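S.K.: Take a look and give me a structure for this.
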Amino acid sequence: MRSKTLLGALSPLLLTAAFGLAPIASTQAAESGADAPELPRSMTWSSYDVGSAGYAEASAIADAFGREFGTRIRIQPSGSSIGRLQPVLKKRAEVGFLATEAFFASEGVADFADRRWGPQNLRTLGGRPSSFGIFTAKDANIRSMQDLKGKRFAYVAGNPSINLKCDALLGAAGLTRDDVDARMFPTYNATMSSLAQGKADASCTTTTPSQLYELAESPRGIHWLEVDPDDEKAWARLRKIAPFLQPYTETVGAGLSEDNPVNIFAYRYPVLVVRADQDEELVYNFLKAFDQTYPMYKDGTAIMNRWKMDRAGTPPIDVPFHPGAIKYLKEKDIWTDEMQAWNDKRLARLNALRAAWKDAVAEGEGKSDDAFANIWETHRQKALDSL
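M.R.: As a prediction, this is how the structure comes out:
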């Protein structure tokens, strides 16, 4: 997802990182003191494609790693969820700066429901809270979720990450796509621009894309719909669709300010993802370096300060935390018994789905893709109902 604020603040950095390599400082890690983490001389990270917020943030953090510890970082960008995840799974990248594909991959849904994939054994180190909500054209007079009934709602074709979150928000109000006039647009840009062009009345995304600022400045204006953080029934409905979401009060974005906040939700983007079998000491030292260099990158944009560990290193999040990350978070007095309970529950869900996948693959051997899809959905739902 692109951000007017992010790209404006980091354009010089993006130029220096155009070939995927962060600058290397002459000072080495030894100068950082005895408490310096032990890092490889070089690392590869995967991320969203060039121009995205994820790439910009990964570049800023890679630059900090280079200047502080002398570690050479190569960023491997991709515009597809599979393209971002494959380098991690194939051990060509140590860490992925991912989005909701981390959740999809762990669940065996969307792109990962194909029999070549299935639930992937992934772990996280943390992720920056990124707000997400439903925005409307102010002149459409949509003031509550219930007012969305029958209204033109813009979705992005082929983008399950965004569309799942839209469905979750509708679900909070007891609505589904069948309750709105769902309009599918071919690209993210076309979807976000559709309101200003009068082709839709509502859609959903993060709060900072340039198209939303354009809508706010247009004759139609912009309005954000709220989800009451204390409405337990609404949040229970929402989390049935997307269990990694949490309430969030946002003050940064189109039509928003400290004086005009909105209660929406947060997911994690980027979310730091590794394989479950990634070396525990490597993960521990990576997160330590990530935390120690925070002062160097936190002011890169208006929202990169959200990488502070007491915000980024906490659940709920897309996949279970890696033991190496938990070790560091415990040292920082961030990890709690409640977080461990969440992690145990999330790990049990992942393991149940992975076991169900094996049964589905065995049952689906020799059958068509459509038949296998039905078999997997049956096994998947049975596994979830057992938890």
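S.K.: only C-alpha atoms for contact and neighbour calcs from this point on.
M.R.: Will do.
S.K.: now for the top helix by length along the chain, which elements pack on it?
M.R.: Ranked by number of residues, the top helix in the chain under DSSP state H is helix 337-364. Helices and strands touching helix 337-364, as assessed by 3 or more CA pairs under 8 Å, 6 or more residues apart in numbering; DSSP states H and E, comprise helix 101-107, helix 369-385.
S.K.: Helix or strand next in line after the first one, which one?
M.R.: Which is helix 101-107. Going down the chain from helix 101-107, the next helix or strand is strand 122-137, by DSSP states H and E.
S.K.: list the helices and strands that following strand packs on?
M.R.: Packing contacts for strand 122-137, counted by 3+ CA pairs under 8 Å, 6+ apart, involve helix 160-172, strand 202-205, strand 222-224, strand 262-275, helix 309-312.
S.K.: Now mean neighbour count too, for the ones you listed, in a markdown table please.
M.R.: Supplementary listing: these in a markdown table, determined by neighbours: other CA atoms under 10 Å:
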| stretch | mean neighbour count |
| --- | --- |
| helix 160-172 | 21 |
| strand 202-205 | 25 |
| strand 222-224 | 24 |
| strand 262-275 | 24 |
| helix 309-312 | 18 |
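S.K.: how about the ones you listed, which one is nearest Asp63?
M.R.: Proximity of the helices and strands packed on strand 122-137 to Asp63 was assessed by CA to CA; the nearest stretch is strand 262-275, lying at 16.7 Å.
S.K.: need the next SSE after that closest one, C-terminal direction.
M.R.: As assigned by DSSP H and E, the chain's next helix or strand after strand 262-275 is helix 280-292.
S.K.: Quick check: mean pLDDT of that following helix?
M.R.: Confidence over helix 280-292 (mean pLDDT, whole number) is 98.
S.K.: OK, contacts around Asp228?
M.R.: The neighbourhood of Asp228, defined by CA atoms under 8 Å, 6 or more residues apart in numbering, consists of 263-264.
S.K.: ok, back up a step: using JSON lines, lay out the helices and strands packed on strand 122-137 together with distance to Leu347.
M.R.: Compiled in JSON lines, the helices and strands packed on strand 122-137 are given as follows (distance: least, CA to CA, whole Å):
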{"stretch": "helix 160-172", "distance to Leu347": "21"}
{"stretch": "strand 202-205", "distance to Leu347": "28"}
{"stretch": "strand 222-224", "distance to Leu347": "34"}
{"stretch": "strand 262-275", "distance to Leu347": "14"}
{"stretch": "helix 309-312", "distance to Leu347": "19"}
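S.K.: Strand 122-137 and the longest helix of the chain, what's the angle between them?
M.R.: Relative orientation of helix 337-364 versus strand 122-137 (axes from the mean of the first three to the mean of the last three CA atoms, to 10 degrees): 100 degrees.
S.K.: Now do the buried residues in helix 337-364.
M.R.: By 16 or more other CA atoms under 10 Å, the buried positions in helix 337-364 come out as 339, 342-343, 346-347, 349-354, 356-357, 360-361, 364.
S.K.: Likewise for stretch 70-82?
M.R.: Along stretch 70-82, the positions that meet the burial threshold by neighbour count (16+ other CA under 10 Å) are 70-78, 81.
S.K.: which two from those residues end up farthest apart in space?
M.R.: With CA to CA as the measure, no two of the buried residues of stretch 70-82 lie farther apart than Gly70 and Ser81, at 29.8 Å.
S.K.: circling back: which one of the helices and strands packed on helix 337-364 is the most hemmed in?
M.R.: Across the helices and strands packed on helix 337-364, the average number of neighbours (mean count of other CA atoms under 10 Å) peaks for helix 101-107, which reaches a mean of 23.
S.K.: Distance from it to the middle of the chain?
M.R.: The chain centroid and the centroid of helix 101-107 are separated by 10 Å under CA atoms, centre = their mean, to the nearest Å.
S.K.: who touches it?
M.R.: Here helix 101-107 makes contact (CA under 8 Å, 6+ apart) with 81, 110-112, 118-122, 161, 271, 273, 318-319, 350, 353.
S.K.: Please repeat the previous calculation with a cut-off of 6 Å.
M.R.: Residues external to helix 101-107 that are found in contact with it (CA atoms under 6 Å, 6 or more residues apart in numbering): 81, 112, 119-120, 318.
S.K.: Same check on stretch 323-343?
M.R.: Among residues not part of stretch 323-343, those counted as contacts by CA under 6 Å, 6+ apart are 125, 280, 283-284, 320.
S.K.: Which of those sits closest to Ser144?
M.R.: Relative to Ser144, the closest of the contacts of stretch 323-343 is Pro320; by CA to CA it sits at 33.9 Å.
S.K.: about what we covered before: tell me the most packed of the contacts of helix 101-107, by neighbour count.
M.R.: In terms of neighbours by other CA atoms under 10 Å, the contacts of helix 101-107 top out with Asp318 at 30 neighbours.
S.K.: And that residue, how far from Phe65?
M.R.: Here the criterion is CA to CA, to the nearest Å. By it, Asp318 lies 25 Å from Phe65.
S.K.: Leu347: what's it in contact with?
M.R.: Contacts of Leu347 were listed using CA under 6 Å, 6+ apart, and they are Pro320.
S.K.: Would you check how far apart it and Ser218 are?
M.R.: 46 Å.
S.K.: and Asp333, how many neighbours?
M.R.: Other residues lying near Asp333 total 9 when counted by other CA under 10 Å.
S.K.: I'd like the distance between it and Arg143.
M.R.: When distances are taken as CA to CA, Asp333 and Arg143 turn out to be 42 Å apart.
S.K.: Val252 too?
M.R.: The spacing between Val252 and Arg143, counted by CA to CA, is 20 Å.
S.K.: Please say which of these two ends up with more neighbours.
M.R.: Neighbours of Val252 and Arg143, each counted by other CA under 10 Å, are more numerous for Val252; the result is 18 against 14.
S.K.: Just give the nearest non-adjacent residue to Val156, would you?
M.R.: Distances taken as CA to CA, 6 or more residues apart in numbering place Phe185 nearest to Val156, at 5.3 Å, with adjacent residues excluded.
S.K.: Just list the residues touching that neighbour, thanks.
M.R.: When contacts are taken as CA under 6 Å, 6+ apart, Phe185 is in contact with 156-157, 191.
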